[in-house]
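**Student:** sequence first, predicted model second:
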There are 2 protein chains.
Amino acid sequence: MSKKISLKDIAEAVGVSTALVSYVLNDKDEQTRVNKDTAKRIREMAKEMNYQPNQIAKSLKSGKSQAIGLLVADISNPFFGNLARAIEDEAKKHGYSVLFGSSDENLENSQRLIDTFINRQIDGFIIAPAEGTASQLEYLKNANIPFVLIDRYFKDLETSYVVVDNFNATYQATQLLLSQGHTKVAYVCYKNQLQHTEDRYSGYLQALLDQGNAEDSSLICEVEFNNATYFREQFIELLQPDRDVDAILFSTNTLSIMGLKIINELNITVPDDLAVFCFDESEAYDLFYCPISYVKQPLSMIGKEAVKILLEQLRGKASSEQKVMLDVEIVARKSCQK
Amino acid sequence: MSKKISLKDIAEAVGVSTALVSYVLNDKDEQTRVNKDTAKRIREMAKEMNYQPNQIAKSLKSGKSQAIGLLVADISNPFFGNLARAIEDEAKKHGYSVLFGSSDENLENSQRLIDTFINRQIDGFIIAPAEGTASQLEYLKNANIPFVLIDRYFKDLETSYVVVDNFNATYQATQLLLSQGHTKVAYVCYKNQLQHTEDRYSGYLQALLDQGNAEDSSLICEVEFNNATYFREQFIELLQPDRDVDAILFSTNTLSIMGLKIINELNITVPDDLAVFCFDESEAYDLFYCPISYVKQPLSMIGKEAVKILLEQLRGKASSEQKVMLDVEIVARKSCQK
DNA sequence: TCTTTTTGTTTAAACGATTAAGCTATGAAA
DNA sequence: TTTCATAGCTTAATCGTTTAAACAAAAAGA
């Protein structure tokens, strides 16, 4: 039907120049002392013609796109889906749109997404960085492109981030399991160099040590990302009766779900045969025959904070990198009892 | 550090006009007979300076943004998360980025998102339309903005869509429950005017009728979206012993999960006390003490098809609206047995 | 009455790309 | 020798905004 209405169309209709229209519609008519009557006519005409500014043209002129890029491992993972939703909502409040991309924890994918988004003049990034992407982040820093990390961070890289206190999370969960009388608390995690992975392991380990237990590698099940077969093997191995494991702490939601499935298959009863403590949320935790204990991350808060910090940087208010570490909630239920 | 490199920078460095650079970098140097040596120098310089074209400027000129807008009810719902992922992957293959927005099934949100995306010169939409948004889609049609519906469609609106055969889905599920010997098969659904809601109900009803059962409103639990309290009341009412319900068919994933939780609370045993058939996928279906039967939608296929159809429209290949109806997979497990 | 200030508006460049049209050598044909 | 075609390039307009600078008319001051 109707082609898009531009400033020029309004200008012609009212009989003024595009400059005036621009001033008025950007509420700069006071400063630029546009005649009140003219301003009114412009505003009315704009409404009548249902004028919608062309964001692309604005972006080109301003160098700002009013859009932020969200990089996660996988948007179909509810953990990231929930983060995305929180980020979307907060961004929308401030007039920003969100572009997203899934890296699958892969270096090249991550780089490609960053490039694509930069070409689209993204104003800034919110990134759950994949392993080994520190150099990509360095690049962003050097290019002066604002970004905020979520979920993960790099110890030796000065960046803004919003994460949870992972050490404390696993420390508390482990301690809880031990305090219930479990003696052989196993730990299931992904094998990678990411800081939060290490923090979670450290928390687990410290809790063991603090209760007088020694580090025991036979209690650790460390598996590769995206290798279900390998996980199955390793995890079943961990559950062999001779290993005497009486409790398990999973360090991510995907590991938790995969683990619980195998526990079911092997007809191991939770918590009688085996106590279980999971990470993150899942519909499944409530529906398991025995309510699952879990470490609950404040996802909305993480998303909200990340956007807030990013916007501060965009507006140049940020004096320096902001590092936020939020507390998790330990939801202890039947699955961790003795 | 370095500011962005533009065509002009390359042109100056090589000592030619921006036009030549543009021709060469868009592989039009043959047609525009650019000297091979010049072309080579331009290409080398572009690589050396790490030139990245400004997509915004391209968009302004071409009117095309190489981006598509995805409108769903809620990106944190794994159903939409999985769709989003499929769409992202397929879009990326063809050089398109994805902007997303969650409407929360709300009319104004939907409209706002559409406006925002149009202003950003989105090339086309993929939409899971909320109830009552037919007029918004009409608007898109009139404005000649390509879009493809997913998950839902409107019977009296000529649009492209990719949906599943919902009638058949609930028909099969219901028939399966009946064939197992269940006599009072209840149906839990949202109260709305959406076609897929009606199709699912029709499928359920037809299966009942075909097996010689009468329509029975006391077997229907129809609840409002986003009203957990109301759902709880209604659903518990449905489960009262005097109602004699021996099987339940849930018509969405959210209803399934909420329902299963209450079934657990009330200590109703599946399938002994009550057979259950759910819709869509959830981690919880596998982890429930009794493996849950469910209607599995081909999410990747839906996403992929939607993108393909949209791109055909964008390229002007599409002669007319394309309507795709995919088959679901009936995953029958223990929860539906007698 | 003449200058200065204020008010209200227009002009035009810019953002970074694309692309039709124009220009200038050079070599071939007449 | 003049004419024309071709190769190889540049010019300049354009997309829809923004915004500094210029301008004209009216009002105020001298």
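**Tutor:** Perfect, thanks for sending it. As the structure is a prediction and not an experimental result, all values here were calculated from the model. Residues are numbered from 1 along each chain as shown, chains lettered A, B, ... in the order given.
**Student:** list the contacts for residue A:96?
**Tutor:** The neighbours of residue A:96, taking Cβ atoms under 8 Å, 6 or more residues apart in numbering or on different chains as the test, are A:66-68, A:123, A:307, A:311. Using the backbone N, CA and C atoms, a C-beta is placed for each residue, glycine as well.
**Student:** redo that, cut-off 7 Å
**Tutor:** Contacts for residue A:96 (Cβ atoms under 7 Å, 6 or more residues apart in numbering or on different chains) come out as A:66-68.
**Student:** just residue A:294 next, same as before
**Tutor:** By Cβ under 7 Å, 6+ apart, the residues touching residue A:294 are A:277-281, A:285, A:331.
**Student:** need the max-distance pair from those residues.
**Tutor:** A:277 and A:281 (13.4 Å; Cβ to Cβ).
**Student:** all helices of the stretch 51-200 of chain A, in order?
**Tutor:** In the stretch 51-200 of chain A, the helices defined using DSSP state H, counting those that start in this stretch lie at A:55-62, A:78-93, A:107-119, A:134-142, A:166-179, A:195-210.
**Student:** ok so, going back, among the contacts of residue A:294, which ones are in helices?
**Tutor:** residue A:285 (DSSP state H).
**Student:** which residues of the stretch 201-338 of chain A score low on pLDDT?
**Tutor:** When residues are selected by pLDDT under 70, those of the stretch 201-338 of chain A lie in A:317-319.
**Student:** and the helices in it?
**Tutor:** Secondary structure of the stretch 201-338 of chain A (DSSP H, counting those that start in this stretch): helices at A:228-238, A:253-265, A:283-287, A:299-314.
**Student:** quick one: which of the ones you listed is nearest DNA strand C?
**Tutor:** Among the helices of the stretch 201-338 of chain A, helix A:299-314 comes nearest to DNA strand C, with 17.6 Å by Cβ to the nearest atom of the strand.
**Student:** on that earlier part again, neighbour count winner among residue A:277 and residue A:281?
**Tutor:** Under the criterion of other Cβ atoms under 10 Å in any protein chain shown, the comparison of residue A:277 against residue A:281 puts residue A:277 first, with 30 against 20.
**Student:** bridging residues for the more buried one?
**Tutor:** residue A:249, residue A:293 (DSSP bridges).
**Student:** and the gap between it and residue B:98?
**Tutor:** 36 Å (Cβ to Cβ, to the nearest Å).
**Student:** wait, residue A:248 sits on residue A:186?
**Tutor:** Yes: with contacts counted by Cβ atoms under 7 Å, residue A:248 reaches residue A:186, the gap being 4.8 Å.
**Student:** can you pull the contacts of the residue nearest to residue A:97 when sequence neighbours are not counted?
**Tutor:** Spatially, and ignoring its direct neighbours in sequence, residue A:97 is nearest to residue A:67 (4.6 Å; Cβ to Cβ, 6 or more residues apart in numbering or on different chains). Residues in contact with residue A:67 (Cβ under 7 Å, 6+ apart) are A:96-97, A:99, A:122-123.
**Student:** would you list those in JSON lines and tack on distance to residue A:315 and pLDDT?
**Tutor:** Shown next, in JSON lines, are the contacts of residue A:67 (distance: Cβ to Cβ, whole Å; pLDDT from 0 to 100):
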{"residue": "A:96", "distance to residue A:315": "12", "pLDDT": "96"}
{"residue": "A:97", "distance to residue A:315": "17", "pLDDT": "95"}
{"residue": "A:99", "distance to residue A:315": "20", "pLDDT": "95"}
{"residue": "A:122", "distance to residue A:315": "16", "pLDDT": "93"}
{"residue": "A:123", "distance to residue A:315": "10", "pLDDT": "95"}
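**Student:** give me the subset of those that also touch DNA strand C.
**Tutor:** Of the residues in these, proximity to DNA strand C by Cβ under 7 Å from any atom of the strand holds for none.
**Student:** how about a markdown table for the helices of the stretch 201-338 of chain A, with distance to DNA strand D added?
**Tutor:** Below are the helices of the stretch 201-338 of chain A laid out as a markdown table (distance: least, Cβ to the nearest atom of the strand, whole Å):
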| stretch | distance to DNA strand D |
| --- | --- |
| helix A:228-238 | 49 |
| helix A:253-265 | 43 |
| helix A:283-287 | 45 |
| helix A:299-314 | 15 |
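**Student:** tabulate these (JSON lines), appending distance to chain B.
**Tutor:** JSON lines is the format used below for those (distance: least, Cβ to the nearest Cβ, whole Å):
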{"stretch": "helix A:228-238", "distance to chain B": "13"}
{"stretch": "helix A:253-265", "distance to chain B": "5"}
{"stretch": "helix A:283-287", "distance to chain B": "4"}
{"stretch": "helix A:299-314", "distance to chain B": "9"}
